[in-house]
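Q: Model the structure of this input:
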Amino acid sequence: MQPLQPMTTSARLAATCAATLALQLSVTSPAVAQQAAPVAVTTSEYVTTRDGTRLAVDVHLPSTRTAVARLPALLEFTRYWRASEDATGARRPSLNGLDRFFLQNGYAVLKVDARGSGAS
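A: Numbering: from 1, shown residues only. Alright, predicted model coming up:
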């Protein structure tokens, strides 16, 4: 039996990509998403920068959190699709499978429209 060799950088990158894709595919099944209870409580806020620019932020908090809980957070700046609307005009946050995974595991997810895009 040969000893294990260290992974090359490209092999580590490929393994990480494969694991991320497998996780995302397993979490984003449409049938599961429709049947599952809401994983987040979402609010929309504006944050004013030092120069007066207002940035639109969606704050997604796990639905199971307590009011005084301090949470680790993931922050995403995006130029596209912080949220969208369906045909009836109802607002739909753009939470992907990875976002839902972190929400289910106690993280807050914050999505910010970059300066000059979306509602910012």
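Q: C-alpha from now on. contacts and neighbour counts both.
A: OK.
Q: quick one, what contacts residue 58?
A: Listed by CA atoms under 8 Å, 6 or more residues apart in numbering, the contact set of residue 58 reads 42-45, 82, 93, 110-112.
Q: Residue 93 now?
A: By CA under 8 Å, 6+ apart, residue 93 lies in contact with 42, 58, 82-84.
Q: hmm, which helix or strand of this protein has the shakiest average pLDDT?
A: Of all the helices and strands that make up the chain, helix 9-27 has the lowest average by mean pLDDT, DSSP states H and E, namely a mean of 42.
Q: returning to that earlier point: go through the contacts of residue 58 and give me the one with the most neighbours.
A: Of all the contacts of residue 58, residue 112 has the most neighbours under the rule other CA atoms under 10 Å, reaching 27 neighbours.
Q: pLDDT score for residue 109?
A: Residue 109 carries a pLDDT value of 94.
Q: Ok, residue 46 next?
A: pLDDT, residue 46: 93.
Q: what number of residues lie near it?
A: By the criterion of other CA under 10 Å, residue 46 has 15 neighbours.
Q: same question, residue 114
A: By the criterion of other CA under 10 Å, residue 114 has 19 neighbours.
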